[in-house]
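> take a look and give me a structure for this.
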Amino acid sequence: METHPPDFPLASSYPTLNRQKTSKSARDYFSTYNSKYLTVPQNRTSLHNSRINGAFEPPSCIESFSSSIINNYLDGTQEGAVDKASPSGMHFRDSKRKVDYVLAYHYRKRLPRHPPGVGSPEPTCGSASLDWVSNGGTGKGHGEPQQQDGGQHVLPEQLGPLGVEVIQLSPQDALEEEKQLQREEYERNLVEAGLEIEKDPENKSQGLSFVRIHAPWQVLSREAELHKIKMPTKKMYEITEEGGVLKTLNEIWCKLTEPLQPQVPQQENTKMKSLSYPFSREKLYLYNVKDKDTFFDNATRSRIVHEILKRTPTKARNSMGINTLIANNVYDAAYPLHDGEYEGQNDDMNERKLLYREWARYGVFYKFQPIHLIRKYFGEKIGLYFAWLGLYTEFLIPSSVVGIIVFLYGCITIESDIPSKEMCDQRNAFTMCPLCDKFCDYWNLSSACATARASHLFDNPATVFFSIFMALWATMFLEQWKRLQMRLSYFWDLTGLEEEEEHPRPEYETKLLQKKLKNKNTRAENSHEDENEKLTWSDRMPGYAANFGLILFMIMLTFSAVFGVIVYRIITAAALSFSTNGTTRSNVRVTVTATAVIINLVVILILDEIYGAVAKWLTEIEIPKTEKTFEERLILKAFLLKFVNSYAPIFYVAFFKGRFVGRPGHYVYVFDGYRMEECAPGGCLMELCIQLSIIMLGKQLIQNNLFEIAIPKLKKFFRKLKDERTEPKEMDISQSKDPQQWDLDYILEPFTGLTPEYMEMIIQFGFVTLFVASFPLAPLFALLNNIIEVRLDAKKFVTELRRPDTVREKDIGIWYNILSGIGKLSVIINAFVIAVTSDFIPRLMYQYAYSQNGTMHGFINHTLSYFNVSHLKAGTQPENSLFAQDILFCRFKDYREPPWSPNQYEFSKQYWAVLSARLAFVILFQNLVMFLSVLVDWMIPDIPKDISEQIKKEKSVLVDFFLKEEHEKLKLIESFIARDKGKHKSGTKGERIRAASFCQFNRSQKGSFTSSRSQHTEV
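Reported below is the predicted structural model:
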């Protein structure tokens, strides 16, 4: 019968810990425990239990005992520990068992405390059963010191009621004692789960210690069967390739791209695939188990150990798993090891070094990514991210080419653009109304020639085609990703992957425990009803209310920032107009636009960091139950806040700026004397292009690249300073001179998830698709950024982050829905940008409805309305005007009735005709592009035809394989039975009975074919 470890109460829960009983029970337990798990050298006479029962041993006592290696291996004396260090840093000190996982924690030994007025006692090792007061309580007694049998000096007031020694602990010592007890209990439970553990000796007064964990074959096979991990069987089957033209094109493509392929080990026969089947210990003969140590790769081994760590409890139901212990600072970190160093002089090649050479360096930016090796090393979830990022980057190539062509078309046709020529012609004396009151003079439209010519680069008929192209591009990208995702799922054996039940988060458990304790106090008689209790919506209502209020506040904060920049533009433009310097007055619009965009960029970067932290805090107070739910809610909140933050200034310029200005004589004022800002004479599209380009490039350069490089290095530097400051300068003779792999990995930055990586790419995807009509070069800059981004992320994962836990995922989750939503929104936004922001519709209407000869001649004059300067309000007329005093009319850009009309300054018929055409274009454009997108979606199947056939073939091969194995085993059983009958045919009846009984007994004991080997899956 297995002996269970005794329950050790926490220091904070019990005022006095009676260590006489505890030490005795611990020794009884470990005597049984050692006989089962520990391998103790014969020359050892005792085992040091000071770290097991929680009592403190003076340093002189520690030296006479072995150090506390918990399971299946005891390191030697401290002097010999250096010699037994694992040379590779990947194994236990016996250099045989792999280190599958590492737990790190900081410890602080309690120094011996002596009563006041008493000399330092001589520490001895005689008394092992001491009783400690762990909450700072003191006993009652007298002042004379006494001496126990072991030579320990104590005060009479330190003796408890039963004559047990009582020592006062400080709160910090009590907390350390509590953490130590939790670690010991947790590690005992890990051993009971079958794991093997090796610990470092704690030779310093305080420092960092590591617990190394190894999973033996029995544990790996048990957990692989429990989690239904698919493993390759002995059966191989041929992968049928598509024939005809596609096969020929594929072969040509492979030959052309051969120099771009990474030099990583490939499967010997790429046309053959192993048949995978969920692991089963009863069907071990199905799998190609050549070596039990290497059958499960490192990523699978660490994943199995991580699952055990997550579900192993401590202190009954109070905490569940390693995540809770890390949240409570019992352990500092838990992580799997990297496969050695990524660079060095040694020639030993490992997967990490291979990834660094062929993937994680800027010098190999032109090569394809080794996706299968990435998946093997980091797991399916990270593999899917880099596969998605690679496909997105590849798709940016054709969109960049088309964007460059559209931009070049604008450059080529700029000289033949009639409206810009008319605007630049000095002979066309278009005298424009003043841009501000009193201090601004009348001005000639030809002075805005440069703006008009630049606007044509992005405001030409080709941008309409490019908008349609990008909408279809987004649809094709998502369809191609679904196909690639299905292909990877097939080759990575993710088809039919079931979602495993997740363990609750530590915060959820804590909140649930508090609720149970509260209910237990109010209803003590119904304590058994709390077993299946969970948090309800009423428990989360404060969190939901805080989420709604704060998210609304953050959105209003973003709008306030945008409004603040608008006010800055208005005031700055007015202030610069007062300048006596002619150059300053002539460059007011350029100066205001450039400085305002830079301010917008800085505000966006600052608010992005704030919103990321706020979104995480808001998700935490919601108390989601599982990590997946937590991640999805965090993604939605962070995306909503960052989307509004990034695009609010751009939306303002695209759809609101210049729409509510008013007209001369009846302007709209923000503050007293400050008019609303207007668009440039060439329209707001050029300013939208400037705004979009600076914000996009600034975010990519500063946030996506500079922050990703600098912040991890700063965090690593400060963490190193903190460790050096907190740890005393003591020599640790048990540590080898060269740092082991677990030491090197602990210094690295912990992996915090893929949300930041996806988020920056999703925001960039919005820049590429939402306003691409105003900035055709956006895909090009996104492509250049992503070429760097892929290698930057790769280098970060390989060299700067601890190895993440492998997670099996068959898709990218909620990110696909966000991408699909952005793609549909981009159609609507681009339709409005073309119809409302650009001059495409007014030009089209003029050419086919109002032009006398069907050309664009006279378009500028058609779009300018007349205003009688005598109708200006008093005090708003220009002072010291340089123009002639006989100016009767000035022009302004709008469709309004002239002053000689009965309905002067009202909207003209042309205004309503153009407005109708704009709305009609939006409806037509949206429906046309949506129809084409649905058509493309329908024409491209989600699952490639060859993969669909391979999945069907795999199922058929699996059935045939099991039937064949069943048939062969039945034949083998029949041959054994026939041989058994022939052997005993000549014997007596009694001998036959005894032989049959013995044979049956022998088969049942050995688990032969008729008992255990004949258990098969029903097909």
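> residues in contact with stretch 767-776?
396, 399, 402-404, 406-407, 458, 462-464, 466-467, 470-471, 474, 646-647, 650, 654, 685, 688-689, 692-693, 695-696, 778-779, 782, 822-823, 825-826, 829-830, 833-834, 837-838 (Cβ atoms under 8 Å, 6 or more residues apart in numbering). In short, each C-beta sits where N, CA and C put it, glycine included.
> same check on stretch 712-719?
Contact with stretch 712-719 is made by 747, 748, 749, 796, 800, 801, as judged by Cβ under 8 Å, 6+ apart.
> grab the most central residue of this structure for me.
The centre of the chain sits closest to residue 754, judged by Cα atoms, centre = their mean, with a distance of 1.5 Å.
> these two touch, right, that residue and residue 384?
No: look at residue 754 against residue 384 with Cβ atoms under 8 Å: they stay out of range, at 9.3 Å.
> can you pull the poorly scored residue ranges out of the stretch 351-500 of the chain?
Residues of the stretch 351-500 of the chain meeting the criterion pLDDT under 70: 497-500.
> just give me the neighbour total for residue 520.
12 (other Cβ atoms under 10 Å).
> okay, and it sits in which element?
helix 506-522 (DSSP states H and E).
> figure out how far the helix or strand following that helix is from the centre of its chain.
Later in the chain than helix 506-522, the nearest helix or strand by DSSP H and E is helix 537-577. Its chain's C-alpha centre lies 27 Å from the corresponding centre of helix 537-577 when counted by Cα atoms, centre = their mean, to the nearest Å.
> tell me the mean pLDDT for helix 537-577?
On average, the pLDDT along helix 537-577 is 86.
> could you do stretch 775-786 as well?
92.
> show me the contacts of stretch 712-719 that map onto strands.
Among these, no member falls in strands (DSSP state E).
> if you rank those by neighbours, which is first?
residue 801 (20 neighbours).
> that one and residue 751: what is the separation?
As judged by Cβ to Cβ, to the nearest Å, residue 801 and residue 751 stand 5 Å apart.
> and if you look at residue 689?
38 Å.
> show me what contacts residue 663?
Contacts of residue 663 (Cβ under 8 Å, 6+ apart): 865, 867, 892, 894, 896, 905.
> try 10 Å
For residue 663, the contact set (Cβ atoms under 10 Å, 6 or more residues apart in numbering) comprises 433, 865, 867, 892, 894, 896, 905.
> list phi and psi for it.
phi -140, psi 170 (degrees, to the nearest 10).
> circling back to that earlier point, shared neighbours of residue 754 and residue 384, which are they?
Residues touching both residue 754 and residue 384 (Cβ under 10 Å, 6+ apart): 807, 812, 813, 815.
> what's near enough to touch the first one?
It refers to residue 807. Contacts here follow Cβ under 10 Å, 6+ apart; on that basis residue 807 touches 303, 306, 378, 379, 380, 381, 382, 384, 627, 628, 754.
> now the buried members of these.
303, 306, 378, 379, 380, 381, 382, 384, 627, 754 (16 or more other Cβ atoms under 10 Å).
> quick check, residue 339 in contact with residue 298.
Yes: using Cβ atoms under 10 Å, residue 339 is in contact with residue 298, at 6.4 Å.
> next, show the common contact partners of these two.
With the criterion set as Cβ under 10 Å, 6+ apart, the overlap between the contacts of residue 339 and residue 298 is 90, 350, 351, 377, 803.
> could you pull out the helices for the stretch 151-300 of the chain?
Here the stretch 151-300 of the chain has its helices, by DSSP state H, counting those that start in this stretch, at 171-192, 217-226, 245-256, 298-311.
> for the stretch 301-450 of the chain, same thing?
Under DSSP H, counting those that start in this stretch, the stretch 301-450 of the chain gives helices at 321-327, 351-358, 371-378, 380-412, 418-424, 449-458.
> buried stuff in the first one?
Across helix 321-327, burial judged by 16+ other Cβ under 10 Å covers 321, 322, 323, 324, 325, 326.
> just the last one next, same as before
Counting neighbours by 16+ other Cβ under 10 Å, one finds that the buried residues in helix 449-458 are 449, 451, 452, 453, 454, 455, 456, 457, 458.
> list the contacts for the last one?
Residues near residue 458 by Cβ under 10 Å, 6+ apart: 406-407, 410, 466, 685-686, 688-689, 773-777, 838.
> narrow the contacts of stretch 767-776 to just the buried residues.
Neighbour counting with 16+ other Cβ under 10 Å marks 396, 399, 402-403, 406-407, 458, 462-464, 466-467, 470-471, 474, 646-647, 650, 654, 685, 688-689, 692-693, 695-696, 778-779, 782, 822-823, 826, 829-830, 833-834, 837-838 as buried within those.
> tell me the contacts of the nearest residue to residue 681 once chain neighbours are set aside?
Take residue 681 and drop its neighbours on the chain: the residue closest to it by Cβ to Cβ, 6 or more residues apart in numbering is residue 448, 4.0 Å away. The contact partners of residue 448, by Cβ under 10 Å, 6+ apart, come to 423, 424, 430, 432, 455, 589, 680, 681, 682.
> surely the last one forms part of a helix?
Yep, that's residue 682 we're talking about. No: if the criterion is DSSP: H, G, I helix; E, B strand; the rest coil, then residue 682 is coil and not within a helix.
> count of neighbours near it?
23.
> and it, how far from residue 662?
Look at residue 682 and residue 662: by Cβ to Cβ, they are 20 Å apart.
> same check on the fifth one?
When Cβ to Cβ is the yardstick, residue 455 and residue 662 sit 23 Å from each other.
> next one: the first one
The span separating residue 423 from residue 662 equals 23 Å under the rule Cβ to Cβ.
> of these two, which one has the most company?
Between residue 423 and residue 662, counted using other Cβ under 10 Å, residue 423 has the larger neighbour count: 23 against 13.
> can you tell me the closest non-neighbouring residue to that one?
Once flanking residues are discounted, residue 423 sits nearest to residue 452: 4.5 Å by Cβ to Cβ, 6+ apart.
> dump the residue contacts of that neighbour.
Residues near residue 452 by Cβ under 10 Å, 6+ apart: 414, 417, 419-424, 445-446, 459, 680-683, 686, 860.
> can you report how many residues neighbour residue 548?
Residue 548 has 11 neighbours, counted by other Cβ under 10 Å.
> now residue 914
21.
> can you pull the pLDDT of it?
So residue 914 comes in at 92 (pLDDT).
> any idea which element it lies in?
Per DSSP H and E: residue 914 is located in helix 909-939.
> that helix - contacts with which helices or strands?
Where contact means 3 or more Cβ pairs under 10 Å, 6 or more residues apart in numbering; DSSP states H and E, helix 909-939 is packed against helix 461-491, helix 814-832, helix 840-845, helix 859-863.
> brilliant, that's me finished.
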